[in-house]
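Trainee: give me a model of this one.
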Amino acid sequence: MTTIWHSSPDLAQANELSAACVIGRLGIELTELGDDHLTARMPVDSRTRQPLGLLHGGASVLLAETLVSWAATFVAEPGKACVGMEINANHLRPATSGWVIGTARPISLGRRSQVWEVRVVDDGQKLVCISRCTVAVIDGR
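Mentor: Below is the predicted model of the structure:
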């Protein structure tokens, strides 16, 4: 299979750049880059749970947005940037502890827009959330 990535993305550098913002504060870390996907994990703990002890839906959306933002950036040609246009999420089952793992895969990689799907699963590989995100590809970085 041919890789979708424009260059050789450096996950360690991406995690370092993410450490001082909301991504790092929630404990999100990029963990795997495949030929056609990007994976990250996020802890289900006091930073990401709502008051009833369940994973906060907004945290799941932030995980999805993070994955798509990095993946779209890794796919974009030099001199291009990607900005979010729309995101939606269906929260399918609760998570209360451990980790959730998100995997982003492209649905469409156009010159002016990209559409990505993110599947978020719990430690038992049960689907917790599914999200779709559209980004615009614009000039400048």
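Trainee: need the pLDDT of the residue nearest in space to the middle of the chain.
Mentor: Centroid check for the chain by C-alpha atoms, centre = their mean gives Leu67 as the closest residue, at 1.7 Å. pLDDT for Leu67: 98.
Trainee: which non-adjacent residue is nearest it?
Mentor: With sequence-adjacent residues excluded and distances taken as C-beta to C-beta, 6 or more residues apart in numbering, Leu67 is closest to Ala104, at 3.9 Å. For every residue, glycine as well, the C-beta is placed using N, CA and C.
Trainee: same question for Leu11.
Mentor: Of all residues not flanking Leu11 in the chain, Leu30 sits nearest, at 4.6 Å (C-beta to C-beta, 6+ apart).
Trainee: quick check: beta-bridge partners of Val120?
Mentor: Beta-bridge pairing of Val120 under DSSP bridges involves Gly102, Cys129.
Trainee: list the contacts for it?
Mentor: Val120 makes contacts with Ser60, Leu63, Ala64, Val100, Ile101, Gly102, Leu127, Val128, Cys129, Ile130, Ser131, as judged by C-beta atoms under 8 Å, 6 or more residues apart in numbering.
Trainee: reformat those as CSV; add distance to Glu117 and neighbour count.
Mentor: Output for those, formatted as CSV (distance: C-beta to C-beta, whole Å; neighbours: other C-beta atoms under 10 Å):
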residue, distance to Glu117, neighbour count
Ser60, 14, 26
Leu63, 13, 28
Ala64, 9, 26
Val100, 16, 22
Ile101, 15, 19
Gly102, 10, 26
Leu127, 12, 12
Val128, 14, 23
Cys129, 11, 24
Ile130, 7, 17
Ser131, 7, 23
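Trainee: coming back round to it: the residue nearest to the centre of the chain and Leu38 touch, don't they?
Mentor: Yes: between Leu67 and Leu38 a contact is recorded at 5.6 Å, counting by C-beta atoms under 8 Å.
Trainee: joint contacts of these two?
Mentor: Counting by C-beta under 8 Å, 6+ apart, the common neighbours of Leu67 and Leu38 are Leu30, Thr103, Ala104.
Trainee: residues near the second one, how many?
Mentor: Read that as Thr103. By the criterion of other C-beta atoms under 10 Å, Thr103 has 18 neighbours.
Trainee: please consider this matter closed, and thank you.
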